[in-house]
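[1] just coords:
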């Protein structure tokens, strides 16, 4: 019976999302297997690409793949095969999923070369993955043409076999900054993710700003997977710059727009590296992103026309017919990369690497993507970068003039514009109140996020490493309600709580129950397995696109010129304190609470005096998962909702719980506040790398707190035996 | 076969085939398979049709095997589950990359690869030693989390320290991609590493690591410098993983924080080790390879669902294959027994049976009258232990409140008092389990007030415990051989197996303590009294000058109590070992001790001969006045630490 329950539990957890996932599979691509039309071709040109179908680049990986496949479809079905000599050759692309992992990508590219014996390689998505894989291509003397790895450092290596059809990263912001400068922008601030690509973009931006005589008031970096940028935005707001340049990752755009709104920071122009050109972002952020500028490699409205595919608009129409969605520039870049290779093969009239390489070097073609002509580094310098602006929910090209479809709106309406006249006037001390408000708001969010984790650990001794995934599932439920029926996420909190409680009940009954008595490593691994399942099942169901739920409790209250209170976070804090209070009463004033505390302190003794420990665990787990899911619902308007948002949250929960005491309610609140405040103050007062330091800080605090005071700062539910002696 | 039956079959010796697999058959299978695999791996690159990609795949696999083997050294053998092990990989990779790219960064001359990789190894080892020195004070999940924190912090520091590390942009190295060279290099290294762990687990060092995992405090009390050993092995694991990190950086030609510091490296190491068998030599190897191919199979057959399937599989493995794949072949792979084979397989020859007759003579030397067996007249005795005004507080409770106590050589001293009077706490203070709030302790000529438990043990103070601490999965003989005088074996001895002298002494003591018939039984199967005797034997193995006996007679049948009494008397008489005993059995104390110290409420109430003390009115009042309130109290202070998670 016990076993059946277990099997049922596993089945339930795994089966349901999978069943749901079946209905939303990708459009079928039949290029791997030969078709009936093969007989018409003289042979096959075999290309290979490692692309991210899973992991952090899953979204862009999918777009890139659709871009490559667009070319395959077109070249085989419409164009009739690549012309080499007298024959027509069928194009084929072998794909592997690199899981957004560099080692995997390298291994797969080597496999493509050795085992699949591809003639040419197409690039993976992202500069990080392209850097490693292109070294393998170079060493094996196989050409790699790519459109989605634009970091400058890659092309400083003197490689012979790497070609980039897209504009290189340092040129991303040029046309946008030129246009803003022409309209009178004088000061700017920069914030960028400290990854290879985003740094290259930001360095380029700094150069272009300087060239245009625009003063850079501040430049800040932040780490990948950041959850909060309010410190950076506070700093910037108080500087009152004309334009903001920043970003690095799609998620960052969501954070910057949310944070600017919460803090009442509105610059005259906001140039965000990644995001504004993507219609999905407008779908998620709505009017909030209006006015934002962003670089684009390509837009369907651009006035480019080429020998194949026709105009940019023709290409877009063809793409949309295939995939049911308009192409983003990552997809167009992928198609263009394949097309450039195609043109070079035909020009060389050969598939020999050396011939095609010289053909690529000599290539000078107009395409739907813009002019393509490679310099000695292998970079396409002929195509300028475009700049788009979101205007009334539409993405329009505003620069360069040749490609522009609408005029640049600058400066943006005065609205909540910061104290522009007092640039640099706000003293260090004057920023402190805002830092405290930010810290408390962040702390409130952490508190509600950490609570369930802390209590499960405290009561059951189970480290729920899938905690972040329960937050994620809750966030998706709220987003779903918001998306389908327009329910405010705060309204759906009770419903999410109940649904997640049922889910928690099932997980406890089917899974956790069997490992609760085993060593902590066992329960940990089981929960880790569950985390992997939840992440990937949610990705199969909802795709890896970033979502955001809309709430009416948004914006900010302006208390003073330099002090605003973010409304959403304020309410999260209020609810967090309410939940903490209720739980506190439950634990200390009720019979159930007594049972829970007894079970936490000594399981055997509790069962001897007649407490049904199994039931106590069941209830505890269900309530905690309910709270965790509800927390996910509450933060769904603030943090981007996506399948892989969990792990950083789990890490924070770890840090706060270990620091504060297991299962301690006051500890969860206090630890969360402490961490929130430390992060906010550090990020605000340290120039440049403050936000990076804040992330390190939480872990340094964790390690130091553990070593110095292993029992936690606050008294927990579970007696701690953390030190050896 | 139902899942339950399958699990039983996998987990225990239920059928003859299973038993064969669990014993000789398993070893045979493993040896043949291992030799075949190695031979195949050596000729593989020379075979026609072996592509660079195959070699690359294998090189990556060697790397993950090596990381798992290193992880298993701390996580499996020593029981310190490290969630941030990949940090050493990243440090090794980065140091190598920084040194090799110094020139292109304009910081000097670029290093050649081999010294750069070696320095990367040294740097990660040194850093691991430094960080481990602090974090390895933490236990269980706290250690795990602190290492996870270290991992994230290091990654972010690397990112922030842009001048040296290239920040988020990373560093690019000159490409050098001779796959065959890397293949053989890493194959040799990984085979060497496996050989090293195989050898290590057979040494005293390996045994000590396992003892730390099973009962760290107990290991300390038996003289094992636990901190030093566990930090040493942690540092070694860090260096070794750093070496593979450096090699990886060189092969990959590019490092940035997100690809050098990857959580999945740690996760794969843990999953691989668990799949193969935690705490075994071959477990991480078999598991990592298995995991690699498993993924391949899942990936090609399930495509979109392969990661979901991987999660399901992980859960199923943990639930149904707790001892891992290796556990199928070695029935008791997780137990300590296999780690202690040297003593069990070779019994001491009869030629060395002189101790036996000595034991026999000891058995005959009774009855012994109290006071007649002293080694030396009182005047010639020296002080062994001298403790002055010991104070120990727990929060508001003062458990020991200014007690002076001394023990002379060859003396047997009783320490009695009602429950909660502070006897065990005083013991814990003397053997340095607890720090003192006030007072000083001298052992012989040495001030031990600030020393660690293991140092005190090495100076000749051994003890037994109120809650018995023996290694239940080890045989009696193995328990005995573990408890050598660790202070005398030196660094070389640490890397050797038990020597003949140790074996002979263990044999002799087992004979003497009437444990010889069950010498090869697991200690867990002994009765409570026999375990007491075993603990006393373990205490005596280290040649102590003083043994602290904590409740040696509690819960033991009267016949055995008499036996214990006899043994103690003859040890005292023949070897001059002093005893300080906490005892509730007043008769036992009266028979053995010439001097008794009475504690009440943490203070010394009386001291003198048993007769004198028993007539003291204060003692009578304390004992009989207190007889009613039999509440469990701080007497059980040692109890909570009995089991390590």
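    All right, it came through fine. Predicted model, so just to flag it, every value in this text is computed and none were measured.
[2] quick check: residue A:402 is in a helix.
    No: using DSSP: H, G, I helix; E, B strand; the rest coil, the assignment for residue A:402 is coil, not a helix.
[3] my read: it touches residue A:304, true?
    No: using C-beta atoms under 8 Å, residue A:402 is not in contact with residue A:304; the gap is 9.7 Å. C-beta coordinates here come from the backbone N, C-alpha and C atoms, glycine included.
[4] who has more neighbours, those two?
    Set residue A:402 next to residue A:304 and count neighbours by other C-beta atoms under 10 Å in any protein chain shown: residue A:304 wins out with 25 against 12.
[5] I'd say that one and residue A:311 touch.
    Yes: using C-beta under 8 Å, residue A:304 is in contact with residue A:311, at 6.8 Å.
[6] count of residues packed around residue B:396?
    So residue B:396, with other C-beta under 10 Å, has 5 neighbours.
[7] next up, the contacts around it.
    Residues counted as contacts of residue B:396 (C-beta atoms under 8 Å, 6 or more residues apart in numbering or on different chains): none.
[8] quick one: it from chain A, how far?
    15 Å (C-beta to the nearest C-beta, to the nearest Å).
[9] what's the spacing between that residue and residue A:601?
    According to C-beta to C-beta, to the nearest Å, residue B:396 stands 20 Å off from residue A:601.
[10] mutual contacts of residue A:304 and residue A:311, please.
    Taking C-beta under 8 Å, 6+ apart as the contact rule, residue A:304 and residue A:311 both touch residue A:368.
[11] now the closest residue to chain B within the stretch 301-450 of chain A, what's its secondary structure?
    As assessed by C-beta to the nearest C-beta, chain B sits closest to residue A:450 within the stretch 301-450 of chain A, at 13.4 Å. Recorded secondary structure, residue A:450: helix (three-state DSSP).
[12] now swap in the one 5 residues further on and tell me
    Going by three-state DSSP, the secondary structure assigned to residue A:455 is helix.
[13] so it touches residue A:619, yeah?
    No: using C-beta under 8 Å, residue A:455 makes no contact with residue A:619, being 11.2 Å away.
[14] you'd agree the residue of the stretch 301-450 of chain A closest to chain B is up against residue A:661?
    No: judged on C-beta under 8 Å, residue A:450 makes no contact with residue A:661 at a distance of 11.7 Å.
[15] between the two, which one's more packed in?
    Using other C-beta under 10 Å as the criterion, residue A:450 and residue A:661 rank with residue A:450 on top: 29 against 25.
[16] dump the residue contacts of the more buried one.
    Residue A:450 neighbours (C-beta under 8 Å, 6+ apart): A:652, A:653, A:656, A:657, A:668, A:671, A:672.
[17] tell me which of residue A:455 and residue A:619 has more neighbours.
    Neighbours were counted for residue A:455 and for residue A:619 using other C-beta under 10 Å; residue A:455 has more, 29 against 19.
[18] next one: that one from residue A:653, what distance?
    For residue A:455 relative to residue A:653 (C-beta to C-beta), the value is 11 Å.
[19] same deal with residue A:170?
    39 Å.
[20] the two - which one has more neighbours?
    residue A:653 (28 against 20).
[21] quick one: residues contacting the closest residue to chain B within the stretch 151-300 of chain A.
    In the stretch 151-300 of chain A, no residue comes nearer to chain B than residue A:194, which is 3.4 Å away by C-beta to the nearest C-beta. When contacts are counted by C-beta under 8 Å, 6+ apart, residue A:194 touches A:221, A:222, A:223, A:224, A:692, B:159, B:160, B:162, B:167, B:168.
[22] what sits against the last one?
    Going back to what we said before, that points to residue B:168. Applying C-beta under 8 Å, 6+ apart to residue B:168 gives the contacts A:193-196, A:198-199, A:221, A:223-224, B:159, B:162, B:256-257.
[23] which one in the residues you listed is the model shakiest on?
    The member of the contacts of residue B:168 with the lowest pLDDT is residue B:162, at 72.
[24] residue ranges in the chain under the pLDDT threshold?
    Chain wasn't specified; assuming chain A. A:1-39, A:413-428, A:709-725 (pLDDT under 70).
[25] not quite, go with chain B.
    Ranges of chain B meeting pLDDT under 70: B:1-16, B:18-23, B:104-108, B:176-177, B:299-304, B:328-381, B:487, B:624-645.
[26] need the residue closest to the centroid of it.
    Among the residues of chain B, residue B:212 comes closest to the average C-alpha position under C-alpha atoms, centre = their mean, at 1.7 Å.
[27] surely that one touches residue B:228?
    No: between residue B:212 and residue B:228 there is no contact under C-beta under 8 Å: 10.8 Å.
[28] how many neighbours does residue A:623 have?
    Neighbourhood size, residue A:623 [other C-beta under 10 Å]: 22.
[29] cool, residue B:170 as well?
    Counted with other C-beta under 10 Å, residue B:170 comes out at 28.
[30] count of residues packed around the nearest residue to it once chain neighbours are set aside?
    Leaving aside its chain neighbours, residue B:170 sits nearest to residue B:256 (2.8 Å; criterion: C-beta to C-beta, 6 or more residues apart in numbering or on different chains). Other residues near residue B:256 come to 29 when the count uses other C-beta under 10 Å.
[31] can you verify my assumption that residue B:256 contacts residue A:199?
    No: at 10.2 Å, residue B:256 and residue A:199 do not qualify as touching, with contact defined as C-beta under 8 Å.
[32] between these two, what contacts are shared?
    Taking C-beta under 8 Å, 6+ apart as the contact criterion, the common neighbours of residue B:256 and residue A:199 are B:168, B:169.
[33] hang on, the earlier thing: between residue A:450 and residue A:661, what contacts are shared?
    With C-beta under 8 Å, 6+ apart, residue A:450 and residue A:661 have common neighbours residue A:671.
[34] list the contacts for whatever residue of the stretch 551-700 of chain A ends up closest to chain B?
    Proximity of the stretch 551-700 of chain A to chain B (C-beta to the nearest C-beta) peaks at residue A:699, 3.8 Å away. Listed by C-beta under 8 Å, 6+ apart, the contact set of residue A:699 reads A:655, B:149, B:150, B:152, B:153, B:156.
[35] I'd say the second one and residue B:87 touch.
    No: Residue B:149 is not in contact with residue B:87 according to C-beta under 8 Å; the separation is 10.1 Å.
[36] tell me how far the lengthiest helix in chain B lies from the chain's centre.
    Secondary structure assigned by DSSP state H gives helix B:226-252 as the longest helix of chain B. Here helix B:226-252 is found 20 Å from its chain centre; the criterion is C-alpha atoms, centre = their mean, to the nearest Å.
[37] return the set of buried residues in that helix.
    Residues B:226-227, B:229-252 are the ones in helix B:226-252 that count as buried (16 or more other C-beta atoms under 10 Å in any protein chain shown).
[38] ditto for stretch A:210-224
    A:212, A:214, A:217, A:218, A:219, A:220, A:221, A:222, A:223, A:224.
[39] just the residues you listed: which are in strands?
    If you go by DSSP state E, those have A:217, A:218, A:219, A:220, A:221, A:222 in strands.
[40] restrict those to those near chain B?
    Restricting those to those within reach of chain B (C-beta under 8 Å from any C-beta of the partner chain) leaves residue A:221.
[41] ranges for the strands of the stretch 201-350 of chain A?
    Taking DSSP state E, counting those that start in this stretch to define them, one finds strands in the stretch 201-350 of chain A at A:215-222, A:243-247, A:269-272, A:292-296.
[42] which among those strands is found nearest to residue A:334?
    strand A:292-296 (14.6 Å; C-beta to C-beta).
[43] give me the buried positions along the closest one.
    Buried, per 16+ other C-beta under 10 Å, within strand A:292-296: A:292, A:293, A:294, A:295, A:296.
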